[in-house]
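# Okay, here's the prediction I keep looking at, along with the sequence it came from:
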Protein chains: 2
Amino acid sequence: MPGVITSQSEDFPQWYQDVLAKAELADNGPVRGTMVVRPYGYAIWERIQGEIDRRIKQAGAENVYLPLFIPESYLRKEAEHVEGFSPELAVVTHAGGKELEEPVVVRPTSETLFGEVMAKWVQSYRDLPLLLNQWANVVRWELRPRVFLRTTEFLWQEGHTAHATREDAAEYALRILHDVYRDFFVNVLAVPVFVGRKTRKERFAGAVNTLACEGMMRDGKALQLATSHELGQTFARAFDITYTSENGTVEHCWTTSWGSSTRIVGGLIMAHGDDGGLRLPPRVAPLQAVVVLVRDDPDAAGVARRLAADLGGAGVRVKLDADVASSYGRRVTDWELKGVPVRIEVGPRELAEGKVTLVRRDTGERSGVALDGVAAAVTEALGRIQTDMLAQAEGFVREHTADVTGVSDAVDAAQDGFARIPWAALGEGGEAELAGHGVSVRCLQRPDGSVPASEDEPGVVAIVAKAY
Amino acid sequence: MPGVITSQSEDFPQWYQDVLAKAELADNGPVRGTMVVRPYGYAIWERIQGEIDRRIKQAGAENVYLPLFIPESYLRKEAEHVEGFSPELAVVTHAGGKELEEPVVVRPTSETLFGEVMAKWVQSYRDLPLLLNQWANVVRWELRPRVFLRTTEFLWQEGHTAHATREDAAEYALRILHDVYRDFFVNVLAVPVFVGRKTRKERFAGAVNTLACEGMMRDGKALQLATSHELGQTFARAFDITYTSENGTVEHCWTTSWGSSTRIVGGLIMAHGDDGGLRLPPRVAPLQAVVVLVRDDPDAAGVARRLAADLGGAGVRVKLDADVASSYGRRVTDWELKGVPVRIEVGPRELAEGKVTLVRRDTGERSGVALDGVAAAVTEALGRIQTDMLAQAEGFVREHTADVTGVSDAVDAAQDGFARIPWAALGEGGEAELAGHGVSVRCLQRPDGSVPASEDEPGVVAIVAKAY
């Protein structure tokens, strides 16, 4: 489809902008750095949110809603925290028609409010663990915004939990990383992720350990897709989150926090998209199949309608495109831009043979399907596409991940992919050197890809890349 | 349960505050007028949101997300609109560490942004109707806040639609009123509502017709639960929302808007609650049944666990309460405060007879149920409770609605209920007189309770009440 969108190889950032516009995902909002998420983009986010929310609930956490506005004084409670955010804050100074006595900040996170409510709600060891989560909008003023990836306002979830012991907190932070985030990225989004711990330099301010899921985009750059932090007792001390233990002593809790955001939509676009536009894995696709009536023909129209109804009845998220006033080619291009996994083309010629054509968006593969086998063929194709897209993405990651032993080789590899380098060979000195080339350590892993208990474990490797 | 919460007859507003606190629904936030929605309160909101969202999607509307921040200049586009909101606005003057060149307003609604995107997205008659909705937080500075009922920040949905004709817009506004709102209130929340049109005085600024659902609370006051507006072409002219018709002329669209909010949670509390606390209709209850282990006993504990598992398997939202370290009476009081529709009590004495006790929260009725019939009995009880709660609420509304013919009788009736008075007898003069007594016209209806096409229809009656 030459000319519809810029090709990835020509200009990847422009390709991304073109996909946002042509697949009708999102626009810029009128205030710098904000975004207008259009129906198709929001439908994708709703599916992402639903899948993550279900996993969060399975992990035992409960949703709450804390206020958008935070008294400015709260952000001075934890010094380290303020320094991380201060230039990013949006401040309300006027409300109710006059100047406020104390300005209020639009939440950059709800961390301080979680600190306050957790201190109130936790009294005894019987209240632990306290497992909370919130879905909300947050604001961090951005100077170089990019829709979905880095915006002044974004939608996210932030989990905050309090535990009686360090071990319990550590185990929960890891459980969220694996059972919520990794499971969602791999099994729903079909995006293979590197899970691991952050280096001291990349760690979240105030955390004793930051765990992350890092995905590889089609330009070989890394996108941090979710993080899970062990906060030790730092946060509990700052907010006085204490509990009375079984034997009557007052103890500080051990806390965790973890988050993921609308940035994931950007990751989905860049991990799977191609020169035809979006490619959506069936489990996250708002529309899994579209039945396209090729041209105006009453018999074909009737069949197309019936097939769409049958597919809907079989639990497929399906739409009928009988908009024959628009050109067939234009409609096909649009459905490909939108990344709908399966297209069923219904035209009079094939119908005469009792068949329709099934087209896979991920591979472009076309096959004839007998009319009475369409629902089964589509269901089967959706399953295969989900599996194949993950396998293809895993292959891409493998091909673009180099094992290296020195900094300069790592920098070379990071031009179009990731490098894996022994952490003992790299160290904080090597990490600083990489930073001079715009390359960072995305995470530290064990050689088998699992999460090390400490960066000092023998054999730990660093995954390094350029990052969004 | 004397002493647990204030009784409704003693002090209804204090009863409401007590329920919020004791059922762990919500607290005040640190910034005046904001609220902290606790897990149990938020779980109720999630069910409300899910049910309304499903109905909105069935009505063909799609969700979008527009920015929290609106340039201050946008709120000057439609003069009438600004005057309605100006003192309620929260204004961000500083961000990114410096003063902004143009202040930005925290959305009091997204109306102006909807105007902008609809003008962009509608080009031709083929783009119509455009049916959009948004779930988001909005801010209106409140001087007399009350949790859920009137808060500085609240969560809501606002729908905005554009149509080619006045008839289509009018029909859609009515469809939303009936198929989304009324259906939800009656069939899920078990709250009977008066549907009707607002008088000129009560109409939304800029609307040519405002439709509303009004519920009666247990203190006889009215709560406006949702509104649906026909905006004529006013809004389309202000934002230049035009389309090219089939014969090539450029026309202004006809638009609607409609909304409902976290205020519904307040309505649910006040329409069904009693002196024991919340009473939740099964369809909206986050927990439909709780299996309470009466006292520590290994056999009973095993049975309670198995019953909870069976009920979960049967699709009941159920929880096991085996917290025998707390007193049985205290636990029962807490589950009643939380309004869980069905309680199954598992104690050794009844178990010896192969039975457990089923207690209905709505009536307090207790019945013995054979162990192998518990899942069936609970499912059946949930169905009956849903139906009975609606019937009970309908009876309460009937008993507290008086047919009157004069203003002074209407004022009398409005001390503990609603009055129905011929609109011809009341008129705008009578409406003004009622206002002097804190009584307002909640809506105008046909004698059969349906929505009149105009306030001039013969036989139109006014429903008048004190309102939240």
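Done, it's in. This structure is a prediction, so every number in the text was calculated from the model and none was measured.
# for whichever residue of the stretch 101-250 of chain A sits closest to chain B, what are its contacts?
As assessed by Cβ to the nearest Cβ, chain B sits closest to residue A:141 within the stretch 101-250 of chain A, at 4.0 Å. Quick note: C-beta positions are derived from backbone N, CA and C, even for glycine. For residue A:141, the contact set (Cβ atoms under 8 Å, 6 or more residues apart in numbering or on different chains) comprises A:33, A:87-90, A:152, B:95-97.
# can you rerun that using 7 Å?
A:88-90, A:152, B:95-96 (Cβ atoms under 7 Å, 6 or more residues apart in numbering or on different chains).
# Neighbour count, distance to residue B:29 and pLDDT for those - can I get that in TSV?
Converted to TSV, the contacts of residue A:141 look like this (neighbours: other Cβ atoms under 10 Å in any protein chain shown; distance: Cβ to Cβ, whole Å; pLDDT from 0 to 100):
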residue	neighbour count	distance to residue B:29	pLDDT
A:88	16	22	89
A:89	23	18	93
A:90	24	18	95
A:152	26	23	97
B:95	25	22	92
B:96	17	25	86
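# outside of stretch A:164-182, which residues touch it?
A:52, A:55-56, A:59, A:125, A:128-129, A:159, A:161, A:163, A:193, A:195, A:211, A:213, A:226, A:228-230, A:243, A:254-256, A:258, A:260, A:451.
# Just the buried ones among those residues, please.
A:52, A:55-56, A:59, A:128-129, A:159, A:161, A:163, A:193, A:195, A:211, A:213, A:226, A:228-230, A:243, A:254-256, A:258, A:260, A:451 (16 or more other Cβ atoms under 10 Å in any protein chain shown).
# Can you list which of those residues are found in helices?
Among the buried ones among the contacts of stretch A:164-182, DSSP state H puts A:52, A:55-56 in helices.
# Would you reformat these as TSV and include pLDDT and distance to residue A:68?
Converted to TSV, these look like this (pLDDT from 0 to 100; distance: Cβ to Cβ, whole Å):
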residue	pLDDT	distance to residue A:68
A:52	98	21
A:55	98	26
A:56	98	21
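# returning to what we had before: using just helix, strand and coil, how would you label the residue of the stretch 101-250 of chain A closest to chain B?
What DSSP: H, G, I helix; E, B strand; the rest coil gives for residue A:141 is coil.
# Give me every residue in the stretch 1-150 of chain A lying close to chain B.
Within the stretch 1-150 of chain A, the positions near chain B by Cβ under 7 Å from any Cβ of the partner chain are A:29-31, A:34-39, A:42, A:46, A:62-69, A:71, A:86-87, A:89-97, A:104, A:106, A:117, A:137, A:139, A:141, A:143.
# Buried ones from those residues, can you make that a ChimeraX selection?
The buried residues among the residues of the stretch 1-150 of chain A next to chain B can be selected in ChimeraX (16+ other Cβ under 10 Å) with this line:
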select /A:29,30,31,34,35,36,37,38,39,42,62,63,64,65,66,67,68,69,71,89,90,91,92,93,94,95,96,104,106,117,137,139,141
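# Now, the residues of the stretch 1-150 of chain A next to chain B that are in strands?
Mapping the residues of the stretch 1-150 of chain A next to chain B onto strands (DSSP state E) picks out A:35-37, A:62-63, A:69, A:71, A:90-95, A:104, A:106, A:137, A:139.
# low-confidence ranges in the stretch 101-250 of chain A?
Low-confidence regions of the stretch 101-250 of chain A, defined here as pLDDT under 70, do not occur.
# now the longest helix belonging to chain A, how far from the chain's geometric center?
Once chain A is assigned using DSSP H, the helix that runs over the most residues is helix A:374-399. In terms of Cα atoms, centre = their mean, to the nearest Å, the centre of helix A:374-399 is set 19 Å apart from its chain centre.
# now do stretch A:189-204
13 Å.
# residue ranges for the helices of chain A, please.
Under the criterion DSSP H, chain A contains helices at A:12-22, A:39-58, A:79-85, A:111-121, A:166-175, A:183-187, A:234-239, A:263-272, A:298-313, A:328-337, A:348-351, A:374-399, A:407-413, A:423-435.
# Just want the angle from the first one to helix A:263-272.
Counting by axes from the mean of the first three to the mean of the last three Cα atoms, to 10 degrees, helix A:12-22 lies at 110 degrees to helix A:263-272.
# pull the CA atoms of helix A:12-22 into PDB?
What follows is helix A:12-22, C-alpha atoms only, in PDB (Å, rounded to 0.1, in the frame of the first residue of the first chain):
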ATOM      1  CA  PHE A  12       9.900   5.000  12.300                       C
ATOM      2  CA  PRO A  13       8.700   8.000  14.300                       C
ATOM      3  CA  GLN A  14       6.700   9.300  11.300                       C
ATOM      4  CA  TRP A  15       5.300   5.800  10.700                       C
ATOM      5  CA  TYR A  16       4.100   5.800  14.400                       C
ATOM      6  CA  GLN A  17       2.400   9.200  13.900                       C
ATOM      7  CA  ASP A  18       0.800   8.000  10.600                       C
ATOM      8  CA  VAL A  19      -0.600   4.900  12.300                       C
ATOM      9  CA  LEU A  20      -2.000   7.000  15.100                       C
ATOM     10  CA  ALA A  21      -3.800   9.200  12.600                       C
ATOM     11  CA  LYS A  22      -4.800   6.700   9.900                       C
END
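# Sweet, I'm off.
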